[in-house]
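Colleague: Okay, predicted coordinates and the sequence, questions at the end:
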Amino acid sequence: MEIRILKEADMQAVMTMKEAIQADKEALKLYSEGKTDIPLRSNIDVEAFEGQNLYMPGLAGSAAGIKIVSVYPNNIQKGITSVPATMVMLNEETGEVSALMDGTYLTRLRTGAVVGAATDLLANKEASVFALFGTGGQAQHQLEAILTVRPIKEVRVFDIDQERASEFAQKMMDLFAEKFDVKIVAVASPKEAVKDADIITTVTTAKTPVFDSEDLKKGVHINGVGSYTPEMQELPAEIFAKAGKIYLDTEDGVLNESGDLINPLKEGIIQKEDITGELGQLVAAKTAGRQSEDELTIFKTTGSAVLDIVVGKAIYKKAIEINKGQVIEM
Ligand SMILES: NC(=O)c1ccc[n+]([C@@H]2O[C@H](COP(=O)([O-])OP(=O)(O)OC[C@H]3O[C@@H](n4cnc5c(N)ncnc54)[C@H](O)[C@@H]3O)[C@@H](O)[C@H]2O)c1
């Protein structure tokens, strides 16, 4: 059996953001058409080392794989990441392991890409101002995805850690200013960030809304990425009542896990029928997209193994074509 090992640099060399966005669209379409088998994540506590192992398996079409993410807070003292992650892909015909890839990079890429997919399908075409909340590990790919799908001229980043936001803005200018002809600045308040913004992405660990719904421009498209437990909420509940379209990556994931949707539903601000559907249905043109320039649209993602598997498969296929990575015999 041959196993291809793909590190972050190999993965970067084989897959662009644009290609990842396309793969995520296909993944969510397969999911919404019922052509996937995505069991619940298995979480196993490892008490002796105060750790937890999370196993995220699945099948999408005929592509199979599992992402293993561990959460070991004590790793910090050992000088290694506290959240190591690896993607394991299986050979579709034989079930043998065919590839191991950097799961941290895969998560960043597929999460940026799914938001790029939603923004491509829902935001106003001439969107030029983008507000990004949160400048942690996921932020760079969130930014790259929006720059890839819309002609953004100005990006405003806000983080409660202002120093981190300033450093991030500078680093992103160095990385993207030339390629995308964009100005990226750190701002001092959420109000400054969202004023006149055409697109907003929240990718924070916040437990309370990160901006005020009163400050929004008409026709804004909003992506919620950070909240994945009922206690976490980034988006003000009232925006859901104002929204013309509300799309989710997976209904199952978002409605069971995210405070962004659980709270407005519990408070009666919206009913389940107000949710337009899953993004995969929009990809398949089974549901409607934006109806006017003034419509407020929302996309909420909590992530799914289907994204890891379909993007993982696309990376693996391209890596074979251009011979990237290291192949080991087992
Ligand atoms: N939807 C998905 O598929 C998906 C995938 C990966 C991660 N996530 C989630 O996205 C979130 C961000 O991930 P990360 O790896 O970038 O985290 P991180 O901890 O590296 O960074 C989070 C950033 O948010 C900032 N922040 C916290 N509260 C804020 C607020 N009110 N306003 C502005 N900034 C604020 C923090 O200062 C920090 O810089 C996490 O909750 C993570 O679990 C979601």
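Modeller: Okay, I see it.
Colleague: Surely Leu248 and Gly280 touch.
Modeller: No - counting by CB atoms under 8 Å, Leu248 does not reach Gly280; the two are 9.8 Å apart. C-beta here means a position set from N, CA and C on the backbone, and glycine is covered the same way.
Colleague: what's the nearest residue to whatever residue of the stretch 201-330 of the chain ends up closest to the ligand if we skip its chain neighbours?
Modeller: Here the stretch 201-330 of the chain gets closest to the ligand at one residue, Gly303, 2.4 Å apart by CB to the nearest ligand atom. Of all residues not flanking Gly303 in the chain, Thr111 sits nearest, at 6.2 Å (CB to CB, 6 or more residues apart in numbering).
Colleague: before we move on, what about Lys18?
Modeller: Counting by CB to CB, 6+ apart, Lys18 lies nearest to Thr148, which is 5.7 Å off, once chain neighbours are set aside.
Colleague: Could you report the neighbour count for the residue in the chain positioned nearest to the ligand?
Modeller: Residue nearest to the ligand within the chain (CB to the nearest ligand atom): Gly136, separated by 1.8 Å. The tally of other residues near Gly136 (other CB atoms under 10 Å) stands at 15.
Colleague: did I read that right, it in a strand?
Modeller: No - checked against DSSP: H, G, I helix; E, B strand; the rest coil, Gly136 lies outside a strand; its state is coil.
Colleague: Tell me if I'm right that it and Thr202 touch.
Modeller: No - Gly136 is not in contact with Thr202 according to CB under 8 Å; the separation is 11.7 Å.
Colleague: follow-up on the earlier one: which SS class is the residue of the stretch 201-330 of the chain closest to the ligand?
Modeller: Gly303 ends up coil, using three-state DSSP.
Colleague: Could you double-check that it lies in contact with Tyr228?
Modeller: Yes - Gly303 is within contact range of Tyr228, at 7.3 Å (criterion: CB under 8 Å).
Colleague: quick one, which of the two is more surrounded?
Modeller: Gly303 (20 against 17).
Colleague: ok, now how distant is that one from Thr250?
Modeller: For Gly303, the distance to Thr250 equals 9 Å [CB to CB, to the nearest Å].
Colleague: Also Val210?
Modeller: Taking CB to CB as the criterion, Val210 is separated from Thr250 by 23 Å.
Colleague: How about Glu238?
Modeller: Taking CB to CB, one finds Glu238 at 24 Å from Thr250.
Colleague: Out of the two, name the residue with the larger neighbour count.
Modeller: Legend: neighbour count by other CB under 10 Å for Glu238 and Thr250, higher for Thr250 (24 against 16).
Colleague: Do stretch 21-40 and the ligand come into contact?
Modeller: No - looking at stretch 21-40 against the ligand by CB under 6 Å from any ligand atom, there are no contacts, and the closest approach is 10.6 Å.
Colleague: Tell me where the model's unsure across the chain.
Modeller: Applying pLDDT under 70 to the chain flags no residue at all.
Colleague: roughly how far apart are the spatially most central residue of it and Ala241?
Modeller: In the chain, the residue lying closest to the centroid (CA atoms, centre = their mean) is Thr111, at 2.2 Å. Distance from Thr111 to Ala241, counting by CB to CB: 27 Å.
Colleague: OK, contacts around Pro57?
Modeller: Residues in contact with Pro57 (CB atoms under 8 Å, 6 or more residues apart in numbering) are 38-39, 64-66, 305.
Colleague: out of those residues, which are buried?
Modeller: Listed as buried from the contacts of Pro57 are 38, 64-66, 305; burial here means 16 or more other CB atoms under 10 Å.
Colleague: of the residues you listed, closest to Ala314?
Modeller: Proximity of the buried ones among the contacts of Pro57 to Ala314 (CB to CB) peaks at Gly65, which lies at 11.9 Å.
Colleague: mind listing what the host helix or strand of the closest one pairs with, with the direction of each?
Modeller: Secondary structure from DSSP states H and E places Gly65 in strand 63-71. Paired neighbours of strand 63-71 in the sheet (DSSP bridges): strand 51-60 (antiparallel), strand 85-90 (antiparallel).
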